[in-house]
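1. please find the sequence and the predicted model below.
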Amino acid sequence: MFSRLSNTRKLLIIFFIALMPIGLITTDYYFMSPGPPYQWEIDYGNNENYEFEGNLYQLTVRRDEANVFVYLWSLVNPSYDLYPKELILPDGVTPQELSEISIQNMRTSGNVAIAVALKNIGYEIETKGEGVAVVGLLDDSPVKNKLKKGDLLNSINNVQIFSATEFISTLRTYSIGETVSIGLIRVVDGVSEQLFIETTLIEHVEYKGEPMVGFLATTVNERFDFPFEVDIKTGNVGGPSAGLMMALNVYNNLIPQDITNSMVVAGTGTIEIDGSVGPVGGIKQKIIAAKRAGAELILVPVANFEEAKPFETDDTAIIAVESFDDALSVILQYSSR
């Protein structure tokens with residue numbers, strides 16, 4: 001069959017085959033592109049739950065190391081973005097470890113989402129954790145020479161911290177440029193020592209106006225006491241940005257009234273135990289994915305609204321929300337029209 005092709009086509013095939021090894025070389029960048037919208041299966045055990053006809057899509061992105069082909073494609077495709085590897089992969093963390101941490105963050109976010117939904121229905125929920133473990137440090141972090149991988153953070157300005165969600169929500173009570181004292185336990189020669197460091201908060205590398213310290217962390221032994229089984233089957237999808245929508249899905253499954261009224265709703269945003277909604281990365285890619293899924297209403301965190309707003313059309317409303325209660329109110333307002 002190859003012999004029947006014109007010489008020009010043969011040369012093109014040989015040219016592309018020759019380029020393959022070069023194109024698969026990994027660059028120093030990560031790419032981000034729209035991921036599929038999810039409405040994950042949720043198992044409630046023997047507890048009564050309700051199906052609903054509308055959609056409450058969780059929005060995702062695809063993020064991975066960019067080879068030469070993907071790098072070049074990202075330069076001409078407006079739905080793709082490129083990020084220097086050091087902004088995504090902290091010093092001392094492998095891509096495999098980053099993936100595992102991301103999946104763990106999704107599981108933690110799912111548990112927080114369940115807790116928020118159940119609390120809004122009327123259940124009392126207790127959460128427990130043993131501190132925040134440092135698993136990696138960004139290259140330009142002001143604490144790069146102060147914190148170490150394995151440090152267990154347990155306070156901010158003498159306020160006790162038991163989980164990563166508490167750390168983030170407490171950090172948001174301070175402003176970029178403020179100095180805070182962070183308490184931590186460090187094991188030195190087999191002996192645990194309580195230490196304190198001071199650092200100035202910097203602006204988050206992805207979320208404009210959000211303070212951060214500059215490290216990757218995970219909660220140690222975080223536990224949630226739920227009154228019955230709730231299992232959100234997220235598979236290998238990682239990251240905490242689906243928290244808001246997971247909470248809304250659980251809430252809608254556990255009440256008789258369908259809050260969507262058959263409407264297609266999509267959204268993104270982290271969720272904290274107090275119901276507050278935090279910013280996310282990849283907002284452009286998530287809005288593109290939502291519009292492809294036919295979303296009539298898209299919920300975004302306040303911090304991401306300016307970037308998301310230009311994508312609004314007559315067929316798709318984009319609304320900023322600060323909390324679970326905000327999101328619920330907006331959905332009920334739009335679904336009753």
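-> On my side now, so go ahead. Residues are numbered from 1 along each chain as shown.

2. can you pull out the low-pLDDT segments for the stretch 201-337 of the chain?
-> Scanning the stretch 201-337 of the chain for pLDDT under 70 picks out no residues.

3. please enumerate the helices of it.
-> Assigned by DSSP state H, counting those that start in this stretch, the helices in the stretch 201-337 of the chain fall at 243-253, 283-292, 305-308, 324-335.

4. so which of these gets nearest T260?
-> When the helices of the stretch 201-337 of the chain are compared by C-beta to C-beta, helix 324-335 sits nearest T260, at 5.5 Å. The C-beta positions use only the backbone N, C-alpha and C, and glycine is treated the same way.

5. just checking, what packs against the closest one?
-> For helix 324-335, the elements it packs on are helix 95-121, helix 243-253, strand 264-267, strand 277-278, strand 297-301, strand 317-321, judged by 3 or more C-beta pairs under 8 Å, 6 or more residues apart in numbering; DSSP states H and E.

6. and the strands in the stretch 1-150 of the chain?
-> Applying DSSP state E, counting those that start in this stretch to the stretch 1-150 of the chain gives strands spanning 26-34, 42-43, 55-58, 61-67, 81-84, 126-128, 132-137.

7. mind checking which of the helices of the stretch 201-337 of the chain is nearest A133?
-> Across the helices of the stretch 201-337 of the chain, A133 has its closest neighbour in helix 243-253 (20.1 Å, C-beta to C-beta).

8. where among the strands of the stretch 1-150 of the chain is average confidence lowest?
-> Least confident of those, judged by mean pLDDT, is strand 126-128 with a mean of 81.

9. circling back to that earlier point, pick the most deeply packed of the helices of the stretch 201-337 of the chain.
-> Scoring those by mean neighbour count under mean count of other C-beta atoms under 10 Å gives helix 243-253 as the most buried, with a mean of 25.

10. ok, L299 - how many residues close by?
-> Neighbour count for L299, taken as other C-beta atoms under 10 Å: 27.

11. same check on L152?
-> Neighbour count for L152, taken as other C-beta under 10 Å: 18.

12. got a list of what it touches?
-> Neighbouring residues of L152 by C-beta atoms under 8 Å, 6 or more residues apart in numbering: 130-134, 184-186, 220.

13. pLDDT at it, what is it?
-> Here the pLDDT value assigned to L152 is 94.

14. now do it against R172, distance only.
-> Separation of L152 from R172 (C-beta to C-beta, to the nearest Å) stands at 21 Å.

15. save the helices and strands packed on helix 324-335 as TSV, and put in distance to G209 too.
-> Conversion of the helices and strands packed on helix 324-335 to TSV gives the following (distance: least, C-beta to C-beta, whole Å):
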stretch	distance to G209
helix 95-121	21
helix 243-253	19
strand 264-267	20
strand 277-278	12
strand 297-301	11
strand 317-321	13
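
16. residue ranges for the strands of the stretch 151-300 of the chain, please.
-> For the stretch 151-300 of the chain, strands defined by DSSP E, counting those that start in this stretch occupy the ranges 152-156, 159-160, 179-188, 191-200, 202-203, 211-212, 215-219, 223-225, 231-232, 264-267, 270-271, 277-278, 297-301.

17. what lies in contact with the third one?
-> The contact list for strand 179-188 (C-beta under 8 Å, 6+ apart) reads 131, 143, 147-148, 150-158, 171, 174, 192-201, 213.

18. with the last one instead?
-> Among residues not part of strand 297-301, those counted as contacts by C-beta under 8 Å, 6+ apart are 244-245, 263-270, 277-280, 283, 287, 290-291, 308, 316-322, 327, 330-331, 334.

19. please save the CA atoms from that strand in PDB.
-> Taking C-alpha atoms only, strand 297-301 is exported to PDB below (Å, rounded to 0.1, in the frame of the first residue of the first chain):
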ATOM      1  CA  LEU A 297     -25.700  28.100  34.800                       C
ATOM      2  CA  ILE A 298     -22.000  28.100  35.800                       C
ATOM      3  CA  LEU A 299     -20.900  28.800  39.400                       C
ATOM      4  CA  VAL A 300     -17.400  30.100  40.100                       C
ATOM      5  CA  PRO A 301     -15.600  31.400  43.100                       C
END
